[in-house]
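**Q** have a look; sequence and predicted model below, questions after that.
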Amino acid sequence: MKRYLPMLIGILLVLAVVAVYLSYRTLNQEPIPTSQPALTNEGQPVECYTDADCMVAGCSGTLCVPRDEQRGIVTTCEYKEEYACFANDNCLCVHNKCNWQGSELFRRCVDQLQGVDCSTLTGAALEQCEAEQGETGTCAGLTGFDYIECQQGRAVTP
């Protein structure tokens, strides 16, 4: 046993030197560069490629966000009657951004809750009502909260 003791001590010393070297090397390594996020033609980060990359989030189910960011989102739990209208819309990938579709059902739901019903009108009266309520007017092309805010007369930039 005594004749193996110097060899055992030598092996332990070599292992200790290797462990110190590897620790030093790991601590002093340059950080590995991360890849830059993909950008859209407009220079915006790509949030999605398909509709499956987006999902509904938030306590009231009113946010349309990238699936991989959903877990980190915290919202207040407030509720307005118009929020029920989001069940009539679709959270989709539109031009590489997660956004609400802005479906006709969603718009009509918001309009009805706000006391606007253009569907009973015809001709010029229908055209005027739709223009005032956003079907072809200033709220046209807006989705989600932007559409609700516009319908309530609040300034929204499309």
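**A** Arrived safely.
**Q** CA atoms only: put the helix or strand that residue 148 is a member of into CSV for me.
**A** Residue 148 belongs to helix 144-151 when assigned by DSSP states H and E. C-alpha atoms of helix 144-151 as CSV (Å, rounded to 0.1, in the frame of the first residue of the first chain):
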residue,chain,number,x,y,z
GLY,A,144,-58.6,44.9,-31.0
PHE,A,145,-58.3,47.7,-28.5
ASP,A,146,-57.5,50.3,-31.2
TYR,A,147,-60.9,49.7,-32.8
ILE,A,148,-62.7,49.9,-29.4
GLU,A,149,-60.9,53.1,-28.5
CYS,A,150,-61.7,54.6,-32.0
GLN,A,151,-65.3,53.7,-31.6
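**Q** summarise which helices and strands that helix is packed against.
**A** helix 104-113 (3 or more Cβ pairs under 8 Å, 6 or more residues apart in numbering; DSSP states H and E). To be clear about C-beta, it is placed using only N, CA and C from the backbone, and glycine gets the same treatment.
**Q** pLDDT of the helix it packs on, averaged?
**A** Mean pLDDT, helix 104-113: 85.
**Q** pull out the buried residues from it.
**A** For helix 104-113, a neighbour-count test (16 or more other Cβ atoms under 10 Å) marks 106-111, 113 as buried.
**Q** what angle do it and helix 144-151 make?
**A** 40 degrees (axes from the mean of the first three to the mean of the last three Cα atoms, to 10 degrees).
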